[in-house]
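In: quick one: sequence and predicted model below, then my questions.
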Amino acid sequence: MAPRSSDNRSSDNRSPSSDTQKLAAADAAAELEDKLASGKQAEDDDDEEDEDELPELDDDDEDEDLVVFTAREAAGALSTILSFVRPYLGNYKRMLAFVAFGVMIETLFNVIMPLSLKFLIDDALGEEDFQALYKILGVLAVAGIFTSIVAVWYERWDARLAACIISDIRKRLFEHVQDLPASYFGRTKRGEILSRFSVDLSAVEGSIKTFANSAALPFLELIAGIILMVFLNWQLAAVALLVFPITLIGPRILTPKAVHANYEQKLNEASLLGMVQENVGAQAVIKAFSLQRKMFGFFSFRNNETRNRIASATFLSTMVERTVTISVLLLHLVVLAIGAYLATKGQITIGTFVTFESAFWEVSYNIAHVMHFIPVSISSAAAVRHIQDLLDEPTRGADRAGAPDLPRITNDITFDRVTFQYEGSQTPVLDNLSLKLNVGRSIAVVGPSGSGKSTLLNLILRLYVPDEGRVTIDGVDIRKVTLGSLRQSMAVVFQENMLFNMSIRENIRLGKEGATDAEVEEAAKKAEIHRYIMSLPQKYDTPVGERGDTLSGGQRQRIAIARAIIRNPSVLLLDEATSALDQTTEAAINRTLLKVAKGRTMIWSTHRLTSVVEMDEIIVISGGRAIERGSHAELLAKNGAYRKLWDDQLHQPHGAARQVDDDDSDDDDDEDDDEE
Ligand SMILES: Nc1ncnc2c1ncn2[C@@H]1O[C@H](COP(=O)(O)OP(=O)(O)OP(=O)(O)O)[C@@H](O)[C@H]1O
């Protein structure tokens, strides 16, 4: 038998492992799941006769033709993968050529090897010609060593090529996700995006990594083996090839059942994992309510269910493989009998008989190999479609062609009859809102929960764009300037402040590229966090952990404030930026923020009215509009919506505090509401 230079292939090719079958069935299950989830049928379901039309999957489904991979489907899957991967191959033509050359050499050797048996037996051993024997062995040894070297060499390039392509796809995907508009993240589950990077990318990776060894090489060897069989004895080859389809009967019957069982297994495993994830996340509640035993009971039940599914799926997957090996064995007996008969009748030589046997095995195993690759490629094609769908999502936040940079903000930020509604929601959050925010002032945006305060800031940042009307800065529609220049002039602190898994210093420095250590410390001092940072053993080099988990909510918020301050922005946007702070720290930061706000514009959305009393202006948002506007004293004097919010927050009956506050505001001028 010809030496196999590719170890991975030789191990599972010669004896198709149950793992390979399991993998194939599991992948097919993933494909089935995808199809069921998306409600789509297979690509070629326009053909009424197709067997791959997918009925609902349920436990009683006895339709054995549920999923049979037709040649058309396999070809469609391959073409989907190849057309997706082709643009990436352009950068790696040299590597591709090396791999193709290696595969050709290996195929050639694996034809020469069985063929040499014929000459070895008939010409050398049969004729006792030692000259010929040495020659044949010598040629084989040289060819074997050469092929082995080539195989090791091209495997290296193959591994590198696959890694490069996947890395490029991952990069492109990540870059694209960065550019997607905020609305996409609003309507898409986080897990869905993550699964493009994990499940789908690894399915594509699986097919790319194994393509040379599990598809190209077996396919070429299959063709070469058939040619060799026909060359040796076409009658015997015809018998062998005619009965080869018999080997497909077992998989045809059992594959749908195995696919179904694997699908069920996947569902159970996913649910088990979900349970572990939920459990780990809810440890505090579980401990506080002593729920350990109850949770263990739920887990055991699900675990037993999964155990039964795994056993059944493994057995069925193994049976798919077994039926192939049993059919090949029976077929082999037929070929052996006919071949032996022809040899005894002298119609073929012993050498031809033995070589035919060898070619027969070659063809059998290569058929099995190609068959194993089909579900892998179908699963991978489904993954490619998912990835492509994500890549096809328009990056609406991108700049218009030739958009200019936003000049320095000098006058105002204006909402000009802005109506905005989130995707999928029934009512607009902002309804024909007109509002002029003069720069250089500290402005608070207050209002009931859900009134649209954060939305207002999101529109200024162009995280979302209005459905009607426009947001302008100094008269220029912010959609018409570059996003980079718009955001460069702003800094924002959110309520939920995401820190990155890096040091405190690096997190603060994210606000300003190239900021010096002194600037970082200055910003931290202003955000009232410097003293705490200095108390840590690693000080500014302390890693904050994933999402800043090693810090308290208030500490994260102060670091986020430092990150915003260091940017030295024209416009500082604060969205409930001090919600996680205690009153003393909040008061200190409020003072700092008011100092920082001098000479720039600060727009602060908040619930805590005590934070906004010193602001230049307070705007009350309700029902999608600005209903009141003025200083704290003016708005109290108005005795309207702001007054009610203030009283509610101070737990005073509406009107009870009026006398006191009215006294406070005696000197204040009344100012008209700017509601437009
Ligand atoms: N991404 C989103 N997708 C759909 N609806 C959203 C989204 N974000 C906010 N909303 C809805 O829009 C409305 C306004 O939300 P927004 O966060 O602007 O209010 P808010 O005044 O800042 O509220 P709070 O004071 O509670 O933070 C709410 O009804 C909210 O449910």
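Out: Thanks, I have it.

In: only C-alpha atoms from now on, for both contacts and neighbour counts.
Out: Fine.

In: and the residue nearest to Ser622 when sequence neighbours are not counted, which of the three is it?
Out: Once its chain neighbours are removed from consideration, Ser622 has its nearest residue in Ser451; the separation is 5.3 Å (Cα to Cα, 6 or more residues apart in numbering). Under DSSP: H, G, I helix; E, B strand; the rest coil, the three-state class of Ser451 is coil.

In: give me the phi and psi for Thr344.
Out: Backbone torsions of Thr344, given as degrees, to the nearest 10, read phi -70, psi -30.

In: what about it, neighbour count?
Out: Burial measure for Thr344: 12 neighbouring residues, criterion other Cα atoms under 10 Å.

In: ok, the one 4 residues further on next?
Out: Using other Cα under 10 Å, Ile348 has 16 other residues around it.

In: show the model's pLDDT score for it.
Out: At Ile348, the predicted lDDT confidence score is 86.

In: same check on the one 4 residues further on?
Out: Reading off the per-residue confidence, Thr352 sits at a pLDDT of 88.

In: and for the one 3 residues further on?
Out: You'll see Thr355 listed with a pLDDT of 89.

In: which strand or helix spans it?
Out: helix 350-392 (DSSP states H and E).

In: quick one, what contacts the nearest residue to Leu133 once chain neighbours are set aside?
Out: In space, not counting the residues next to it along the chain, Leu133 is nearest to Ala124; the distance is 4.9 Å by Cα to Cα, 6+ apart. By Cα atoms under 8 Å, 6 or more residues apart in numbering, the contact list for Ala124 reads Phe130, Gln131, Ala132, Leu133.

In: which of the residues you listed fall in helices?
Out: Phe130, Gln131, Ala132, Leu133 (DSSP state H).

In: which parts of the stretch 501-650 of the chain are helices?
Out: Per DSSP state H, counting those that start in this stretch, the stretch 501-650 of the chain has helices spanning 504-509, 517-526, 530-535, 553-565, 583-597, 632-638, 641-649. These are given in chain order.

In: between those, which gets nearest to the ligand?
Out: helix 641-649 (12.6 Å; Cα to the nearest ligand atom).

In: so the closest one, near the ligand or not?
Out: No. Looking at helix 641-649 against the ligand by Cα under 6 Å from any ligand atom, there are no contacts, and the closest approach is 12.6 Å.

In: ok, back up a step: dump the contacts of Ala124 to CSV, plus pLDDT and neighbour count.
Out: CSV is the format used below for the contacts of Ala124 (pLDDT from 0 to 100; neighbours: other Cα atoms under 10 Å):
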residue, pLDDT, neighbour count
Phe130, 78, 12
Gln131, 79, 9
Ala132, 76, 16
Leu133, 84, 18
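
In: make a markdown table out of those residues and add distance to the ligand.
Out: Rendered in a markdown table, the data for the contacts of Ala124 read as follows (distance: Cα to the nearest ligand atom, whole Å):
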| residue | distance to the ligand |
| --- | --- |
| Phe130 | 83 |
| Gln131 | 83 |
| Ala132 | 80 |
| Leu133 | 78 |
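
In: okay, those residues in JSON lines with distance to Gly640 next?
Out: JSON lines is the format used below for the contacts of Ala124 (distance: Cα to Cα, whole Å):
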{"residue": "Phe130", "distance to Gly640": "113"}
{"residue": "Gln131", "distance to Gly640": "112"}
{"residue": "Ala132", "distance to Gly640": "110"}
{"residue": "Leu133", "distance to Gly640": "108"}
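
In: quick one: which of these is nearest Arg302?
Out: Comparing the contacts of Ala124 against Arg302 with Cα to Cα picks out Leu133 as the nearest, at 64.6 Å.

In: which ones are touching that closest one?
Out: With contacts taken as Cα under 8 Å, 6+ apart, Leu133 has the following neighbours: Leu120, Ala124, Leu125.

In: out of those, which one has the weakest pLDDT?
Out: When the contacts of Leu133 are compared by pLDDT, Ala124 scores lowest at 74.

In: ok, and the closest non-adjacent residue to Gln555?
Out: Nearest non-adjacent residue to Gln555, counting by Cα to Cα, 6+ apart: Ile529, 7.1 Å away.

In: who touches the one you found in this structure?
Out: With contact set as Cα under 8 Å, 6+ apart, Ile529 has these partners: Gln555, Arg558, Ile559.

In: low-confidence ranges, the stretch 451-600 of the chain, go.
Out: Scanning the stretch 451-600 of the chain with the threshold set as pLDDT under 70 gives 497, 579-580.

In: swap in the chain?
Out: Within the chain, the stretches with pLDDT under 70 are 1-73, 126, 191, 396-398, 497, 579-580, 651-676.

In: around the ligand, pick out the residues from it.
Out: Proximity of the chain to the ligand, by Cα under 6 Å from any ligand atom, involves residues Gly186, Tyr422, Ser425, Val429, Ser449, Gly450, Ser451, Gly452, Lys453, Ser454, Thr455.

In: what about the helix or strand harbouring Thr325, distance to the chain center?
Out: Taking DSSP H and E as the definition, one finds Thr325 inside helix 292-344. Helix 292-344 has its average C-alpha position 32 Å from the chain's average C-alpha position, going by Cα atoms, centre = their mean, to the nearest Å.

In: picking up where we left off before, so the residue nearest to Ser622 touches Asp431, yeah?
Out: No. Assessed by Cα atoms under 8 Å, Ser451 is found out of contact with Asp431, at 10.9 Å.

In: pull up the overlap in contacts between these two.
Out: Common contacts of Ser451 and Asp431 (Cα under 8 Å, 6+ apart): Gly623, Gly624.

In: count of neighbours near Gly450?
Out: Summarising burial for Gly450: neighbours were counted as other Cα under 10 Å, giving 13.

In: actually Thr601, not the one I typed
Out: Neighbours around Thr601, by other Cα under 10 Å: 24.

In: quick one, what contacts it?
Out: Residues touching Thr601, when contacts are defined by Cα under 8 Å, 6+ apart, comprise Asn438, Val439, Gly440, Arg441, Ser442, Ile443, Ser570, Val571, Leu572.

In: related to what we said a few turns ago, mind putting the helices of the stretch 501-650 of the chain in TSV, distance to Ala216 and mean neighbour count included?
Out: Rendered in TSV, the data for the helices of the stretch 501-650 of the chain read as follows (distance: least, Cα to Cα, whole Å; neighbours: other Cα atoms under 10 Å):
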stretch	distance to Ala216	mean neighbour count
helix 504-509	48	24
helix 517-526	56	19
helix 530-535	58	15
helix 553-565	53	25
helix 583-597	65	16
helix 632-638	75	23
helix 641-649	72	18
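
In: could you dump those helices to TSV with distance to Thr107?
Out: Below are those laid out as TSV (distance: least, Cα to Cα, whole Å):
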stretch	distance to Thr107
helix 504-509	54
helix 517-526	61
helix 530-535	64
helix 553-565	60
helix 583-597	73
helix 632-638	84
helix 641-649	81
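
In: in a helix, the residue nearest to Leu133, correct?
Out: Yes. Ala124: assigned to a helix according to three-state DSSP.

In: against Pro404, how distant is it?
Out: In this structure, Ala124 and Pro404 are 83 Å apart, going by Cα to Cα, to the nearest Å.

In: Ala74 in helix, strand or coil?
Out: Once three-state DSSP is applied, Ala74 turns out helix.

In: got phi/psi on Gly402?
Out: On the backbone of Gly402 - angles per degrees, to the nearest 10 - the values are phi 70, psi 10.

In: what about it, how many residues nearby?
Out: Residues near Gly402, counting by other Cα under 10 Å: 9.

In: and stretch 268-285, how far out from the chain's middle?
Out: Taking Cα atoms, centre = their mean, one finds stretch 268-285 lying 21 Å from the centre of the chain it belongs to.

In: residues making contact with it?
Out: Contacts made with stretch 268-285 from outside it, assessed by Cα under 8 Å, 6+ apart, are listed as Ile286, Met295, Phe299, Arg302, Asn303, Glu305, Thr306, Arg309.

In: repeat that for stretch 478-488.
Out: By Cα under 8 Å, 6+ apart, the surrounding residues in contact with stretch 478-488 are 397-400, 403-406, 461-462, 465, 470-472, 569.
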